[in-house]
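Visitor: One predicted model, sequence on top.
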Amino acid sequence: MAEVILEKVVKAYGKTEVIHGISTAIADGEFIVIVGPSGCGKSTVLRMIAGLEKISGGIIRIDGREVNNLEPKDRDIAMVFQNYALYPHMTVFNNMAYGLKLRKFTKDEIKHRVDQAAQLLQLDGLLERKPRQLSGGQRQRVAMGRCIVREPKVFLFDEPLSNLDAKLRVQMRLELRKLHERLKVTSIYVTHDQVEAMTLGDRLIVINEGAAEQIGSPLELYEKPATKFVAGFIGSPSMNFIEARLSRDGQSANIQGDVRLALSDDGAPDFGDRKVIIGIRPEHFNISESNPQAIPLSVDHIEILGADTMVYGRFADTPDLITIRLPDIHHFKSEKVLPLSVAPDKIHIFNKDTGARI
Amino acid sequence: MVENRPITTFCSHAVLICGIAIVVFPIWITFVAASHDAVRMTQTPLPLLPGDQFFVNLKDTFIKGVGNAREQSVGLMLMNSLIMAMMIAVGKIFISLLSAFAIVYFRFPFRMGFFWMIFVTLMLPVEVRILPTFEVVANLGMLNNYWGLSIPLIASATATFMFRQVFLTVPDELLEAARIDGAGPMRFFKDILVPVSRTNIAALFVILFIYGWNQYLWPLLITTDKNMYTIVMGIKQMLEAAEESPEWHLIMMTTLLAMLPPVAVVVGMQKLFIKGLTETEK
Ligand SMILES: Nc1ncnc2c1ncn2[C@@H]1O[C@H](COP(=O)(O)OP(=O)(O)OP(=O)(O)O)[C@@H](O)[C@H]1O
Ligand SMILES: [Mg+2]
């Protein structure tokens, strides 16, 4: 167990820089999730920590020791790959034991550790099988087992659940979390699935185009996204963004014409009378028939999901469809006008030029 | 397209049977000839049904020996061929595995240069470079021994190419997992790469064994010692029996014997062989 520290880590392939200086400190025993859209550099960050990819600048420390120039095997890490990378010709037992054999553990010790891991992962009866005789979920567990037996300081996961079907993914997600609670090994987990990120991580690192946009707990990211990108990435369906002009005192926002939104007490007076982006999550709209301040939404179409109803519509004539999520089942005809209100503290304001939170 | 009309089934079977007949007929004739005595084989018409001398001939070839003065032992020739074919097949596979490993997994200076140098040897089989190769082998004192028989045939690129293709299909993650597990390059080669390619190795072994077994020109050139004769060139020598008519029954018996080891290798490794040529999943 150990803490992992990244200091201004940079990665460039030839002249193209793909990671632009990421810094973070991951505490001992923490479960950190790296999220971001495809191609943003998540895997690259993880592989640099693993030592599979040379770093072009900055420092990586594991347990206080600088590991920039250490081989993967000397970093005391273990990694689960997206396609598991099990050795196809070895039995499950040998797959798990291989790393221990190379580290010259005694036969008894190897057997002890593999048996223990197999029990923990419910692989008991499968130790003599070859990987191709296993189901996807079982293979995934073997890959986990291969890491556990080594008792490394850090676990690294690169989208380990993305090859599983939806149901199994939910189950394995839970198992992973439980496993982490038992073993308490520092874990770094890469995914582009934000539900996985929200449920697994103690903290998340949101990466966009090779730079860390925000680092924080799942709730922090949900409630106080630091940038428009994070706001749009976290939460499903994603946040609605509406262009608006702040009133002179910064206490309300004009969406179009007369449509006004009251902002929370402190408002944003510094940006008074400027154009900004307003962000509101679909689940934060309420229908309030009696409210004279309500903003009218004209319904375009609805999707009834059972537990929720998704309403798509427009304020006045905003160009983009606004998504609204209402609990329960509603039948609205299109063209119907709904009076909506939003609690002021659920409204996010972003700088129109930089995307930073105001 | 799969069709099930009786006429197509009939036609395809007819074609297959014709093909098999064309392949099998000479072998049948060989077998028939090997089972008659010397006198019958000089009379026309030549027999089409087996005679009763098969085991007598078999005993004669092995115990009395063949050739002009009965001085060549079929057993020894078979052994020579076997050793040569084995050395060629194993040597080629070993060298090609290593060179393909180097080309695929290491970034060394002039890597592509070496790759193309190996490639060029494809255009230079032994038959093309036979004189200089003979000179080299002679200078190294390798005439009339197994090294001289096999080493010049070992150097060629086909197997290197095949293993290069095979290694390129091995997922990178396997290498990375092995690196994290603590395997160095040679460990990875021995513990993972070779076992993962074992069906391909088996397929190549079959092909190379037969290639080695069937070598004719090169052994003919560098062996003058009768103890080093291989079976294929031995058969040719028996045909040239000066001033006597060739002993067809013994020649055919020897030919039959010469066919057995390749058949045994193919049959024995059939399963792996077919897997190696068709399987792509790693
Ligand atoms: N060997 C390489 N040479 C050049 N560019 C590379 C190389 N490997 C990756 N990249 C680039 O680095 C960027 C980050 O890649 P990376 O694999 O880390 O993305 P990712 O966030 O893991 O995406 P995904 O979710 O699709 O796995 C990509 O834009 C990719 O094109
Ligand atoms: Mg990736």
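Guide: Everything's here; your move. Ligands and ions are numbered 1, 2, ... in the order given.

Visitor: Report the secondary structure state of residue A:261.
Guide: Here residue A:261 is strand, with the state taken from DSSP: H, G, I helix; E, B strand; the rest coil.

Visitor: how many other residues sit next to the nearest residue to it once chain neighbours are set aside?
Guide: In space, and not counting its chain neighbours, residue A:261 is closest to residue A:253: 4.7 Å by Cβ to Cβ, 6 or more residues apart in numbering or on different chains. Heads up, the C-betas are built off the backbone N, CA and C, glycines and all. Counted with other Cβ atoms under 10 Å in any protein chain shown, residues neighbouring residue A:253 total 24.

Visitor: Now for residue A:253: which residues touch it?
Guide: For residue A:253, the contacting residues are A:244, A:245, A:246, A:247, A:260, A:261, A:263, A:276, A:278, A:347, A:349, by Cβ atoms under 8 Å, 6 or more residues apart in numbering or on different chains.

Visitor: ok, the residue of the stretch 101-250 of chain A found nearest ligand 1 to residue A:206 distance?
Guide: Of all residues in the stretch 101-250 of chain A, residue A:192 sits closest to ligand 1, at 4.8 Å by Cβ to the nearest ligand atom. Distance, residue A:192 to residue A:206, using Cβ to Cβ, to the nearest Å: 11 Å.

Visitor: Now for those two: what residues contact both?
Guide: The contact lists of residue A:192 and residue A:206 share A:35, A:36, where a contact means Cβ under 8 Å, 6+ apart.

Visitor: Compare those two (neighbour count), which wins?
Guide: A direct count of neighbours by other Cβ under 10 Å for residue A:192 and residue A:206 places residue A:206 higher, at 27 against 17.

Visitor: So that one, which state does it fall into?
Guide: Going by three-state DSSP: residue A:206 is strand.

Visitor: Test my guess that it contacts residue A:231.
Guide: No: look at residue A:206 against residue A:231 with Cβ atoms under 8 Å: they stay out of range, at 10.1 Å.

Visitor: Quick one: name the residues of chain A near ligand 1.
Guide: A:13, A:18, A:36, A:38, A:39, A:40, A:41, A:42, A:43, A:44, A:192 (Cβ under 6 Å from any ligand atom).

Visitor: can you rerun that using 8 Å?
Guide: Counting by Cβ under 8 Å from any ligand atom, the positions of chain A adjacent to ligand 1 are A:11, A:13-14, A:16, A:18-19, A:36-47, A:82, A:158-159, A:190, A:192, A:207, A:210.

Visitor: Make sure residue B:237 is actually in contact with residue B:230.
Guide: No: with contacts counted by Cβ under 8 Å, residue B:237 stays clear of residue B:230, the gap being 10.4 Å.

Visitor: Counting neighbours around each, name which of those two comes out higher.
Guide: residue B:230 (28 against 16).

Visitor: okay, that one: pLDDT?
Guide: Residue B:230 carries a pLDDT value of 87.

Visitor: any idea how far it is from residue B:211?
Guide: Note on residue B:230: its distance to residue B:211, by Cβ to Cβ, is 13 Å.

Visitor: can you tell me which of the residues of chain A next to ligand 1 are up against chain B?
Guide: Intersecting the residues of chain A next to ligand 1 with the contacts of chain B gives residue A:82 (criterion: Cβ under 8 Å from any Cβ of the partner chain).

Visitor: Which of the residues of chain A next to ligand 1 are buried? Put it as a ChimeraX command.
Guide: Applying 16 or more other Cβ atoms under 10 Å in any protein chain shown to the residues of chain A next to ligand 1, the buried members can be selected in ChimeraX as follows:
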select /A:11,18,19,36,40,41,42,43,44,45,46,47,82,158,159,190,192,207,210
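
Visitor: In strands only, show me the residues of chain A next to ligand 1.
Guide: A:11, A:13, A:16, A:18, A:19, A:158, A:190, A:207 (DSSP state E).

Visitor: now these as JSON lines including pLDDT and distance to residue A:284?
Guide: Putting these into JSON lines (pLDDT from 0 to 100; distance: Cβ to Cβ, whole Å) gives the following:
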{"residue": "A:11", "pLDDT": "93", "distance to residue A:284": "38"}
{"residue": "A:13", "pLDDT": "91", "distance to residue A:284": "42"}
{"residue": "A:16", "pLDDT": "91", "distance to residue A:284": "40"}
{"residue": "A:18", "pLDDT": "92", "distance to residue A:284": "35"}
{"residue": "A:19", "pLDDT": "91", "distance to residue A:284": "34"}
{"residue": "A:158", "pLDDT": "91", "distance to residue A:284": "34"}
{"residue": "A:190", "pLDDT": "94", "distance to residue A:284": "30"}
{"residue": "A:207", "pLDDT": "93", "distance to residue A:284": "26"}
